[in-house]
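Peer 1: this one's structure only:
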């Protein structure tokens, strides 16, 4: 493992190996390690999806998004739309659903309208 992790993951061949390893780990239900290997392989979207869907850890998914892309990145928006917002609606947390809509998905000029539509 040590030798593998000392590889340069900017090289495409090492990224491919990391992604293959991530999929093998997914098959073994070792989701934490799979997310890490997706990150090593340069597949942010899959890493975030594993955290949100398989681990059920939206906070970890948000932290990874913000560390890699910064605030309001494309992957963060997708995370909100695909996982966080539906989860908030399904659990009946309408305050959180409104917060996601107003703060992250809507332009400020429409924020007031969105708040009253929730």
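Peer 2: Nice, thanks for sending it over. These figures come from a predicted structure and were not determined experimentally.
Peer 1: Buried ones in stretch 31-40, by neighbour count?
Peer 2: Going by neighbour count (16 or more other C-beta atoms under 10 Å), the buried part of stretch 31-40 is 31, 34, 35, 36, 37, 38, 39, 40. Placement of C-beta: from N, CA and C, glycine included.
Peer 1: how far does it sit from the chain's center?
Peer 2: Stretch 31-40 sits 12 Å away from the centroid of its parent chain (C-alpha atoms, centre = their mean, to the nearest Å).
Peer 1: which other residues reach it?
Peer 2: Applying C-beta atoms under 8 Å, 6 or more residues apart in numbering, the contact partners of stretch 31-40 are 9, 15, 18-19, 21-23, 25-26, 44, 46-47, 50-51, 54-55, 64, 68.
Peer 1: Just give me how far stretch 27-37 sits from the chain centre.
Peer 2: That offset, for stretch 27-37, works out to 14 Å (C-alpha atoms, centre = their mean).
Peer 1: actually stretch 6-23, not the one I wrote
Peer 2: Centroid displacement of stretch 6-23 relative to its chain, using C-alpha atoms, centre = their mean, is 19 Å.
Peer 1: What subset of the contacts of stretch 31-40 is buried?
Peer 2: Of the contacts of stretch 31-40, these count as buried by 16+ other C-beta under 10 Å: 9, 15, 18-19, 21-22, 25-26, 44, 46-47, 50-51, 64.
Peer 1: May I see the buried residues of stretch 31-40 arranged in JSON lines, with pLDDT and distance to residue 81 as well?
Peer 2: Output for the buried residues of stretch 31-40, formatted as JSON lines (pLDDT from 0 to 100; distance: C-beta to C-beta, whole Å):
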{"residue": "31", "pLDDT": "98", "distance to residue 81": "22"}
{"residue": "34", "pLDDT": "97", "distance to residue 81": "23"}
{"residue": "35", "pLDDT": "97", "distance to residue 81": "20"}
{"residue": "36", "pLDDT": "96", "distance to residue 81": "24"}
{"residue": "37", "pLDDT": "96", "distance to residue 81": "25"}
{"residue": "38", "pLDDT": "97", "distance to residue 81": "20"}
{"residue": "39", "pLDDT": "96", "distance to residue 81": "21"}
{"residue": "40", "pLDDT": "94", "distance to residue 81": "26"}
